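A.B. asks: got a sequence here, can you build the structure:
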Amino acid sequence: MEKNLVKKMVLIQQKLKAPKNQRNNFGKYNYRSCEDIMEGVKPLLAEQELLLTVTDTVEFLEGRFYVKATATVTDGEKSISTAAYAREPEVKKGMDDSQITGSCSSYARKYALNGLFAIDDTKDSDIEEYQSKAKTSTKQVAKQVAKKEVQTPISNELKTLLHQVASMAKAKNLSANRMKEIMQLNFKVKESKNLTVEQAATLLDILKGAE
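C.D. replies: Model prediction:
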């Protein structure tokens, strides 16, 4: 009996090797790129006779542009997709507009592929590199939050996404514990209120593709 799409994807996720072949000499860390993942997964997709496509769309949310990357695997009849968002910085030193969008697209595509092929990049330092444009460092924010010096309100956009996530979880009959497992696996958080807008949008897409 021919393996169905889900079983084929499980095999690919188990076999996929995507080593961190890139080196950031300034930060002194290794990381994997979107191209590294594609290079590792293409032979496995060929073995299973599956097609991978990655597409981008640009969305305007709350006054900022976001690149939404969607990674889709199909056997010609059925498909599985995941998506990830990345926000374009207003300015990035040394880059023109096309380079900024290209960098943002690569970042979003990488994390869409991570979600599709169950790659955990939470500890990758290139996340910090992408976010280094922020005026306040992650460590400083963490210290301020720990001291209750900063209170981060939930935006209307995030509230809407979390409501959609809750509705989708209910429709998929996913328990609270299962939702915590999904958030822990993909975003290293257990409470939906701790998700960012991008993470909440990605979670919604993950739930839409869940059986």
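
A.B. asks: which one is Thr74 nearest to, not counting chain neighbours?
C.D. replies: Spatial nearest neighbour of Thr74, excluding adjacent residues (CB to CB, 6 or more residues apart in numbering): Leu51 at 5.3 Å. For every residue, glycine as well, the C-beta is placed using N, CA and C.

A.B. asks: hang on, Gly30 packs against Gln22?
C.D. replies: To be clear, residue 30 is Asn; Gly isn't right here. Yes: between Asn30 and Gln22 there is a contact at 6.6 Å, judged by CB atoms under 8 Å.

A.B. asks: the residue nearest to Thr74 and Leu5: what is the separation?
C.D. replies: Going from Leu51 to Leu5 by CB to CB, to the nearest Å gives 11 Å.

A.B. asks: Ser103: how many residues sit nearby?
C.D. replies: By other CB atoms under 10 Å, 17 other residues sit near Ser103.

A.B. asks: ok, what's across the strand from Ala83?
C.D. replies: Thr70 (DSSP bridges).

A.B. asks: from memory it sits against Leu203, does it?
C.D. replies: No: judged on CB under 8 Å, Ala83 makes no contact with Leu203 at a distance of 10.1 Å.

A.B. asks: sorry, back to before: overlap in contacts, Leu51 and Leu5.
C.D. replies: Val73, Thr74, Asp75 (CB atoms under 8 Å, 6 or more residues apart in numbering).

A.B. asks: which ChimeraX command selects the buried ones in the residues you listed?
C.D. replies: Of these, the buried ones go into a single ChimeraX selection, burial set by 16 or more other CB atoms under 10 Å:
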select :73,75
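
A.B. asks: list just the nearest of the shared contacts of Leu51 and Leu5 to Ala176.
C.D. replies: Distance to Ala176, by CB to CB, is smallest for Val73 among the shared contacts of Leu51 and Leu5, at 29.1 Å.

A.B. asks: OK, contacts around the closest one?
C.D. replies: Contacts of Val73 (CB under 8 Å, 6+ apart): Leu5, Met9, Leu45, Leu50, Leu51, Leu52, Ser79, Ile80, Ser81, Leu116.

A.B. asks: number of nearby residues for the fourth one?
C.D. replies: Meaning Leu50. Neighbour tally, Leu50, other CB under 10 Å: 19.

A.B. asks: go on, the third one?
C.D. replies: Neighbour count of Leu45, defined by other CB under 10 Å: 17.

A.B. asks: before we move on, the earlier item: just the ones of the shared contacts of Leu51 and Leu5 in strands?
C.D. replies: Val73, Thr74 (DSSP state E).

A.B. asks: could the shared contacts of Leu51 and Leu5 be laid out in JSON lines, adding pLDDT and distance to Met168?
C.D. replies: JSON lines is the format used below for those (pLDDT from 0 to 100; distance: CB to CB, whole Å):
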{"residue": "Val73", "pLDDT": "96", "distance to Met168": "21"}
{"residue": "Thr74", "pLDDT": "95", "distance to Met168": "22"}
{"residue": "Asp75", "pLDDT": "94", "distance to Met168": "24"}
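
A.B. asks: nearest to Arg109, of the shared contacts of Leu51 and Leu5?
C.D. replies: Val73 (14.0 Å).

A.B. asks: show the residue spans covered by the strands in this structure.
C.D. replies: 22-24, 29-31, 51-61, 64-74, 79-87.

A.B. asks: how about the last one: buried residues?
C.D. replies: The neighbour-count check on strand 79-87 (16+ other CB under 10 Å) flags Ile80, Ser81, Thr82, Ala83, Ala84, Tyr85, Ala86, Arg87 as buried.
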